[in-house]
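>>> got a structure for you, letters missing:
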DNA sequence: AGCTAAGCAACCAGTACGCT
DNA sequence: AGCGTACTGGTTGCTTAGCT
(Lines give C-alpha, C1' and ligand atoms only; values in the text may rest on other atoms or scores of the structure.)
Protein backbone atom coordinates (compact mmCIF):
# COMPACT_ATOMS: atom_id res chain seq x y z
CA UNK A 1 0.00 0.00 0.00
CA UNK A 2 2.03 2.96 -1.27
CA UNK A 3 -0.19 5.44 0.53
CA UNK A 4 0.67 4.00 3.87
CA UNK A 5 4.35 3.77 3.04
CA UNK A 6 4.46 7.39 2.07
CA UNK A 7 2.61 8.39 5.15
CA UNK A 8 4.89 6.48 7.48
CA UNK A 9 8.00 7.83 5.79
CA UNK A 10 6.63 11.31 5.99
CA UNK A 11 5.87 10.89 9.65
CA UNK A 12 9.32 9.72 10.60
CA UNK A 13 11.00 12.34 8.45
CA UNK A 14 9.03 15.25 9.81
CA UNK A 15 8.93 14.30 13.44
CA UNK A 16 10.84 16.49 15.79
CA UNK A 17 13.41 14.78 17.97
CA UNK A 18 11.50 15.87 21.06
CA UNK A 19 8.38 14.25 19.73
CA UNK A 20 10.34 11.07 19.20
CA UNK A 21 11.55 11.28 22.77
CA UNK A 22 7.99 11.80 23.99
CA UNK A 23 6.95 8.70 22.09
CA UNK A 24 9.80 6.68 23.57
CA UNK A 25 8.92 7.82 27.08
CA UNK A 26 5.31 6.75 26.66
CA UNK A 27 6.41 3.43 25.25
CA UNK A 28 8.96 2.80 27.97
CA UNK A 29 6.49 3.57 30.76
CA UNK A 30 3.80 1.41 29.23
CA UNK A 31 6.19 -1.50 28.71
CA UNK A 32 7.51 -1.28 32.25
CA UNK A 33 3.98 -1.25 33.53
CA UNK A 34 3.09 -4.33 31.51
CA UNK A 35 6.18 -6.21 32.68
CA UNK A 36 5.47 -5.48 36.31
CA UNK A 37 1.77 -6.20 36.20
CA UNK A 38 1.46 -8.87 33.51
CA UNK A 39 4.84 -10.67 33.50
CA UNK A 40 3.60 -13.40 31.18
CA UNK A 41 2.86 -10.91 28.41
CA UNK A 42 5.92 -10.78 26.16
CA UNK A 43 4.53 -9.70 22.80
CA UNK A 44 5.39 -6.43 21.12
CA UNK A 45 2.45 -4.20 21.75
CA UNK A 46 1.70 -3.71 18.06
CA UNK A 47 0.94 -7.42 17.62
CA UNK A 48 -1.45 -7.60 20.55
CA UNK A 49 -5.08 -7.92 19.37
CA UNK A 50 -7.19 -4.85 19.94
CA UNK A 51 -9.41 -6.31 22.62
CA UNK A 52 -6.49 -7.36 24.81
CA UNK A 53 -4.51 -4.19 24.16
CA UNK A 54 -7.56 -2.15 25.11
CA UNK A 55 -7.71 -3.95 28.43
CA UNK A 56 -4.00 -3.42 29.09
CA UNK A 57 -4.31 0.27 28.29
CA UNK A 58 -7.32 0.68 30.57
CA UNK A 59 -5.35 -0.99 33.35
CA UNK A 60 -2.37 1.27 32.62
CA UNK A 61 -4.34 4.49 32.80
CA UNK A 62 -5.92 3.46 36.08
CA UNK A 63 -2.96 1.99 37.93
CA UNK A 64 0.20 3.53 36.52
CA UNK A 65 2.19 5.63 38.95
CA UNK A 66 5.26 7.83 38.75
CA UNK A 67 8.66 6.49 39.76
CA UNK A 68 8.19 7.91 43.24
CA UNK A 69 4.79 6.23 43.60
CA UNK A 70 2.69 9.37 43.24
CA UNK A 71 -0.07 9.97 40.71
CA UNK A 72 0.54 11.50 37.31
CA UNK A 73 -0.89 14.79 36.11
CA UNK A 74 -4.05 14.24 34.02
CA UNK A 75 -2.41 15.69 30.91
CA UNK A 76 0.61 13.44 31.25
CA UNK A 77 -1.57 10.36 30.92
CA UNK A 78 -3.23 11.82 27.84
CA UNK A 79 0.22 12.51 26.43
CA UNK A 80 1.17 8.89 26.96
CA UNK A 81 -1.89 7.85 25.03
CA UNK A 82 -0.83 10.13 22.17
CA UNK A 83 2.70 8.77 22.27
CA UNK A 84 1.50 5.17 22.11
CA UNK A 85 -0.77 6.16 19.26
CA UNK A 86 2.21 7.52 17.31
CA UNK A 87 4.19 4.36 17.96
CA UNK A 88 1.38 2.06 16.90
CA UNK A 89 0.77 4.10 13.79
CA UNK A 90 4.45 3.78 12.86
CA UNK A 91 4.05 0.01 13.09
CA UNK A 92 0.90 -0.01 11.00
CA UNK A 93 -1.36 -1.07 13.81
CA UNK A 94 -4.83 -1.50 12.39
CA UNK A 95 -6.61 0.71 14.90
CA UNK A 96 -6.46 4.12 16.45
CA UNK A 97 -6.41 3.78 20.23
CA UNK A 98 -7.58 7.37 20.63
CA UNK A 99 -10.51 7.22 18.23
CA UNK A 100 -11.67 3.74 17.34
CA UNK A 101 -14.62 2.10 19.09
CA UNK A 102 -12.54 -1.00 19.74
CA UNK A 103 -10.62 1.01 22.35
CA UNK A 104 -13.65 2.46 24.04
CA UNK A 105 -12.81 0.83 27.32
CA UNK A 106 -9.35 2.36 27.68
CA UNK A 107 -10.59 5.70 26.38
CA UNK A 108 -13.26 5.73 29.08
CA UNK A 109 -10.77 4.61 31.70
CA UNK A 110 -8.50 7.51 30.82
CA UNK A 111 -11.36 9.97 30.93
CA UNK A 112 -12.55 8.74 34.31
CA UNK A 113 -9.05 8.73 35.67
CA UNK A 114 -8.53 12.32 34.60
CA UNK A 115 -11.73 13.35 36.33
CA UNK A 116 -10.72 11.48 39.44
CA UNK A 117 -7.28 13.12 39.46
CA UNK A 118 -8.81 16.56 39.09
CA UNK A 119 -11.08 15.83 42.02
CA UNK A 120 -7.99 14.96 44.01
CA UNK A 121 -6.61 18.39 43.23
CA UNK A 122 -4.37 17.47 40.33
CA UNK A 123 -4.38 19.22 36.98
CA UNK A 124 -3.86 22.74 38.27
CA UNK A 125 -0.62 23.21 36.40
CA UNK A 126 1.68 23.30 39.40
CA UNK A 127 4.61 24.30 37.23
CA UNK A 128 2.95 27.08 35.38
CA UNK A 129 5.17 30.14 35.20
CA UNK A 130 4.15 33.62 36.26
CA UNK A 131 4.80 36.63 34.12
CA UNK A 132 7.75 38.89 34.72
CA UNK A 133 6.14 42.19 35.57
CA UNK A 134 7.42 45.69 35.11
CA UNK A 135 7.70 45.95 38.88
CA UNK A 136 9.89 42.83 38.91
CA UNK A 137 12.17 44.43 36.37
CA UNK A 138 12.51 47.59 38.40
CA UNK A 139 13.56 45.57 41.41
CA UNK A 140 16.06 43.62 39.35
CA UNK A 141 17.56 46.87 38.11
CA UNK A 142 17.77 48.32 41.59
CA UNK A 143 19.52 45.23 42.85
CA UNK A 144 22.04 45.23 40.04
CA UNK A 145 20.77 42.05 38.42
CA UNK A 146 19.88 44.03 35.31
CA UNK A 147 22.69 46.50 35.02
CA UNK A 148 25.48 47.76 32.79
CA UNK A 149 27.84 48.03 35.71
CA UNK A 150 28.61 44.44 36.62
CA UNK A 151 29.18 41.34 34.49
CA UNK A 152 26.20 39.30 35.62
CA UNK A 153 23.80 42.22 35.36
CA UNK A 154 25.04 43.11 31.90
CA UNK A 155 24.72 39.56 30.68
CA UNK A 156 21.20 39.37 32.10
CA UNK A 157 20.30 42.71 30.57
CA UNK A 158 21.45 41.81 27.07
CA UNK A 159 19.81 38.41 27.32
CA UNK A 160 16.51 39.99 28.38
CA UNK A 161 16.67 42.63 25.64
CA UNK A 162 17.30 39.98 23.01
CA UNK A 163 14.60 37.68 24.28
CA UNK A 164 12.01 40.43 24.39
CA UNK A 165 12.93 41.75 20.98
CA UNK A 166 13.52 38.55 19.06
CA UNK A 167 12.27 35.71 21.21
CA UNK A 168 9.01 35.48 19.32
CA UNK A 169 10.71 35.24 15.91
CA UNK A 170 10.47 31.77 14.43
CA UNK A 171 13.86 30.15 14.41
CA UNK A 172 15.27 32.24 17.24
CA UNK A 173 17.07 30.05 19.76
CA UNK A 174 18.90 31.81 22.54
CA UNK A 175 21.08 28.81 23.31
CA UNK A 176 22.63 28.66 19.84
CA UNK A 177 22.75 32.38 19.18
CA UNK A 178 25.93 33.49 17.41
CA UNK A 179 27.63 36.86 17.76
CA UNK A 180 26.98 37.57 14.08
CA UNK A 181 23.28 36.72 14.36
CA UNK A 182 22.64 40.16 15.78
CA UNK A 183 23.93 43.20 13.92
CA UNK A 184 24.22 46.83 14.89
CA UNK A 185 23.04 48.96 12.00
CA UNK A 186 21.99 52.53 11.23
CA UNK A 187 19.00 53.81 9.27
CA UNK A 188 19.36 56.44 6.56
CA UNK A 189 18.19 58.98 9.11
CA UNK A 190 20.98 58.03 11.47
CA UNK A 191 18.99 56.00 13.96
CA UNK A 192 20.83 52.99 15.30
CA UNK A 193 19.12 49.63 15.63
CA UNK A 194 19.84 46.00 16.34
CA UNK A 195 18.67 43.41 13.89
CA UNK A 196 18.40 39.70 14.27
CA UNK A 197 19.67 37.95 11.17
CA UNK A 198 17.13 35.15 11.10
CA UNK A 199 17.54 32.06 8.95
CA UNK A 200 15.05 33.40 6.40
CA UNK A 201 16.58 36.83 5.94
CA UNK A 202 18.27 35.69 2.76
CA UNK A 203 15.00 34.37 1.43
CA UNK A 204 13.37 36.83 -0.94
CA UNK A 205 9.83 35.63 -0.31
CA UNK A 206 10.11 35.80 3.43
CA UNK A 207 11.68 39.21 3.20
CA UNK A 208 8.91 40.70 1.10
CA UNK A 209 6.39 39.24 3.49
CA UNK A 210 7.85 40.51 6.73
CA UNK A 211 10.10 43.30 5.59
CA UNK A 212 12.51 42.46 8.41
CA UNK A 213 10.82 44.96 10.69
CA UNK A 214 9.81 42.20 13.09
CA UNK A 215 13.38 41.53 13.95
CA UNK A 216 14.65 44.98 14.86
CA UNK A 217 14.99 47.07 18.00
CA UNK A 218 15.68 50.75 17.66
CA UNK A 219 17.81 52.93 19.90
CA UNK A 220 15.90 55.09 22.33
CA UNK A 221 17.80 58.33 21.91
CA UNK A 222 15.71 60.21 24.44
CA UNK A 223 16.80 57.86 27.22
CA UNK A 224 20.27 56.42 26.66
CA UNK A 225 20.30 54.89 30.15
CA UNK A 226 17.60 52.42 29.17
CA UNK A 227 18.56 51.99 25.54
CA UNK A 228 18.99 48.39 24.38
CA UNK A 229 21.45 49.46 21.71
CA UNK A 230 23.65 51.06 24.36
CA UNK A 231 23.39 47.87 26.40
CA UNK A 232 24.55 45.89 23.40
CA UNK A 233 27.49 48.22 22.80
CA UNK A 234 28.56 47.92 26.40
CA UNK A 235 28.40 44.15 26.19
CA UNK A 236 30.38 44.16 22.94
CA UNK A 237 33.20 46.05 24.68
CA UNK A 238 33.27 43.72 27.63
CA UNK A 239 33.65 40.58 25.54
CA UNK A 240 37.17 39.40 24.81
CA UNK A 241 38.37 40.55 21.37
CA UNK A 242 38.98 36.95 20.35
CA UNK A 243 35.22 36.30 20.54
CA UNK A 244 34.13 38.98 18.09
CA UNK A 245 33.97 36.77 15.03
CA UNK A 246 30.55 36.00 13.57
CA UNK A 247 30.33 32.36 14.56
CA UNK A 248 31.36 32.97 18.16
CA UNK A 249 28.70 32.17 20.75
CA UNK A 250 26.73 35.27 21.67
CA UNK A 251 26.50 34.63 25.39
CA UNK A 252 29.77 34.03 27.22
CA UNK A 253 30.53 32.78 30.70
CA UNK A 254 31.67 35.29 33.28
CA UNK A 255 35.28 35.32 34.41
CA UNK A 256 35.51 33.64 37.81
CA UNK A 257 37.03 36.67 39.52
CA UNK A 258 36.42 39.96 37.83
CA UNK A 259 38.01 43.25 38.51
CA UNK A 260 35.19 45.63 37.64
CA UNK A 261 37.71 48.17 36.45
CA UNK A 262 39.13 45.73 33.92
CA UNK A 263 37.84 46.08 30.40
CA UNK A 264 36.96 42.45 29.73
CA UNK A 265 34.51 40.65 31.95
CA UNK A 266 33.85 37.44 30.02
CA UNK A 267 35.64 34.22 29.09
CA UNK A 268 36.10 32.78 25.65
CA UNK A 269 33.84 29.96 26.79
CA UNK A 270 30.18 29.90 25.79
CA UNK A 271 27.59 30.15 28.52
CA UNK A 272 26.14 26.66 28.91
CA UNK A 273 22.65 25.81 27.89
CA UNK A 274 21.61 24.82 31.38
CA UNK A 275 22.66 28.26 32.56
CA UNK A 276 20.78 29.95 29.75
CA UNK A 277 17.69 27.88 30.42
CA UNK A 278 17.53 29.25 33.98
CA UNK A 279 18.33 32.86 33.28
CA UNK A 280 15.11 34.35 34.65
CA UNK A 281 14.82 31.89 37.47
CA UNK A 282 18.34 32.66 38.67
CA UNK A 283 18.02 36.43 38.52
CA UNK A 284 14.67 36.39 40.28
CA UNK A 285 15.98 34.17 43.04
CA UNK A 286 18.98 36.42 43.56
CA UNK A 287 16.69 39.44 43.53
CA UNK A 288 14.35 37.83 46.07
CA UNK A 289 11.42 38.12 43.73
CA UNK A 290 8.60 35.83 44.81
CA UNK A 291 6.63 33.55 42.52
CA UNK A 292 7.52 31.00 39.94
CA UNK A 293 9.58 32.81 37.33
CA UNK A 294 11.04 31.14 34.28
CA UNK A 295 12.37 32.21 30.90
CA UNK A 296 8.87 31.81 29.61
CA UNK A 297 7.79 34.55 32.02
CA UNK A 298 9.41 37.02 29.64
CA UNK A 299 7.04 36.16 26.83
CA UNK A 300 4.09 36.72 29.12
CA UNK A 301 5.15 40.24 30.02
CA UNK A 302 3.88 43.09 27.96
CA UNK A 303 6.37 44.23 25.38
CA UNK A 304 5.53 47.90 25.30
CA UNK A 305 5.67 50.16 28.33
CA UNK A 306 3.31 52.96 29.14
CA UNK A 307 4.77 56.45 29.11
CA UNK A 308 4.60 56.58 32.87
CA UNK A 309 6.46 53.29 33.14
CA UNK A 310 9.24 54.28 30.79
CA UNK A 311 9.66 57.58 32.60
CA UNK A 312 9.94 55.70 35.84
CA UNK A 313 12.51 53.39 34.29
CA UNK A 314 14.61 56.30 33.02
CA UNK A 315 14.56 57.92 36.44
CA UNK A 316 15.74 54.80 38.17
CA UNK A 317 18.49 54.13 35.68
CA UNK A 318 19.76 57.69 35.83
CA UNK A 319 19.69 57.50 39.57
CA UNK A 320 21.68 54.26 39.59
CA UNK A 321 24.30 55.56 37.20
CA UNK A 322 24.78 58.68 39.32
CA UNK A 323 25.04 56.57 42.39
CA UNK A 324 27.68 54.45 40.76
CA UNK A 325 29.83 57.36 39.60
CA UNK A 326 30.17 58.58 43.15
CA UNK A 327 31.32 55.18 44.36
CA UNK A 328 33.51 53.87 41.59
CA UNK A 329 36.64 55.88 42.26
CA UNK A 330 38.61 53.07 43.86
CA UNK A 331 38.28 51.09 40.66
CA UNK A 332 39.26 47.90 42.36
CA UNK A 333 36.00 46.19 43.21
CA UNK A 334 35.80 42.47 43.28
CA UNK A 335 32.54 40.88 42.30
CA UNK A 336 30.63 39.77 45.33
CA UNK A 337 27.35 37.99 45.86
CA UNK A 338 25.29 41.16 45.77
CA UNK A 339 25.65 44.30 43.71
CA UNK A 340 22.82 46.07 45.42
CA UNK A 341 23.60 49.73 45.24
CA UNK A 342 20.56 51.11 46.98
CA UNK A 343 19.17 50.34 50.38
CA UNK A 344 15.87 52.19 50.01
CA UNK A 345 12.83 50.03 49.56
CA UNK A 346 10.80 52.00 46.99
C1' DA B 1 -18.82 30.62 16.78
C1' DG B 2 -16.93 28.84 20.59
C1' DC B 3 -14.97 25.15 22.96
C1' DT B 4 -12.26 21.08 23.58
C1' DA B 5 -8.85 17.69 22.28
C1' DA B 6 -5.16 16.06 19.60
C1' DG B 7 -0.69 16.34 18.42
C1' DC B 8 3.72 18.19 18.37
C1' DA B 9 7.26 20.98 20.48
C1' DA B 10 9.60 22.83 24.19
C1' DC B 11 10.66 23.71 28.89
C1' DC B 12 12.11 22.64 33.79
C1' DA B 13 14.14 19.80 37.42
C1' DG B 14 17.05 16.26 38.84
C1' DT B 15 21.04 13.50 38.38
C1' DA B 16 25.46 11.95 37.00
C1' DC B 17 29.64 13.14 35.72
C1' DG B 18 33.75 15.71 33.40
C1' DC B 19 37.12 19.52 33.22
C1' DT B 20 40.16 22.98 35.27
C1' DA C 1 34.59 24.81 44.06
C1' DG C 2 32.55 26.00 40.34
C1' DC C 3 31.97 25.82 36.02
C1' DG C 4 30.45 22.88 32.00
C1' DT C 5 27.57 18.83 29.25
C1' DA C 6 24.39 14.88 28.59
C1' DC C 7 20.55 12.38 29.64
C1' DT C 8 16.02 11.33 31.67
C1' DG C 9 11.47 12.04 33.66
C1' DG C 10 7.73 14.82 33.93
C1' DT C 11 4.93 18.97 32.70
C1' DT C 12 3.34 22.86 30.00
C1' DG C 13 2.72 25.72 25.74
C1' DC C 14 0.65 26.37 21.45
C1' DT C 15 -1.64 25.60 17.02
C1' DT C 16 -5.10 23.46 14.74
C1' DA C 17 -8.65 20.01 13.73
C1' DG C 18 -12.90 18.44 15.02
C1' DC C 19 -17.19 18.64 17.49
C1' DT C 20 -21.56 20.75 19.10
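That came through fine. Because the structure is predicted, anything quoted here is derived from the model rather than measured. Numbering: from 1, shown residues only, chains lettered A, B, ... in the order given.
>>> OK, contacts around the residue in the stretch 151-300 of chain A positioned nearest to DNA strand B?
Closest contact between the stretch 151-300 of chain A and DNA strand B, by Cβ to the nearest atom of the strand, is at residue A:294 (2.9 Å). (Each C-beta comes from the backbone N, C-alpha and C, glycine too.) Neighbour list for residue A:294: A:129, A:280-281 [criterion: Cβ atoms under 8 Å, 6 or more residues apart in numbering].
>>> what does the stretch 101-250 of chain A have sitting close to DNA strand C?
Within the stretch 101-250 of chain A, the positions near DNA strand C by Cβ under 7 Å from any atom of the strand are A:125-129.
>>> how about a cut-off of 10 Å?
By Cβ under 10 Å from any atom of the strand, the residues of the stretch 101-250 of chain A that approach DNA strand C are A:122-131, A:152, A:167-168, A:170, A:175, A:249.
>>> just those residues that are near DNA strand B?
A:127-129, A:167, A:170, A:175.
>>> in the stretch 101-250 of chain A, which spans are strands?
Secondary structure of the stretch 101-250 of chain A (DSSP state E, counting those that start in this stretch): strands at A:182-186, A:192-196, A:216-218.
>>> Quickly compare the ones you listed and say which is most buried.
The highest mean neighbour count among these, using mean count of other Cβ atoms under 10 Å, belongs to strand A:192-196: a mean of 19.
>>> and that strand, what other elements does it pack with?
Helices and strands touching strand A:192-196, as assessed by 3 or more Cβ pairs under 8 Å, 6 or more residues apart in numbering; DSSP states H and E, comprise helix A:151-166, strand A:182-186, strand A:216-218, helix A:228-238.
>>> circling back: TSV for the ones next to DNA strand B among the residues of the stretch 101-250 of chain A next to DNA strand C, including neighbour count and pLDDT?
Converted to TSV, these look like this (neighbours: other Cβ atoms under 10 Å; pLDDT from 0 to 100):
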residue	neighbour count	pLDDT
A:127	7	74
A:128	9	74
A:129	18	75
A:167	17	76
A:170	9	64
A:175	15	72
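>>> ok, of the residues you listed, which one's closest to residue A:49?
The nearest member of these to residue A:49, counting by Cβ to Cβ, is residue A:127 at 38.4 Å.
>>> Whichever helix or strand residue A:27 is part of near DNA strand B at all?
For residue A:27, the host element (DSSP states H and E) is helix A:17-37. Yes: using Cβ under 10 Å from any atom of the strand, we find that helix A:17-37 touches DNA strand B at A:17-23, A:25.
>>> What helices and strands are in contact with that helix?
Counting contacts by 3+ Cβ pairs under 8 Å, 6+ apart, helix A:17-37 is packed against helix A:50-63, helix A:74-90.
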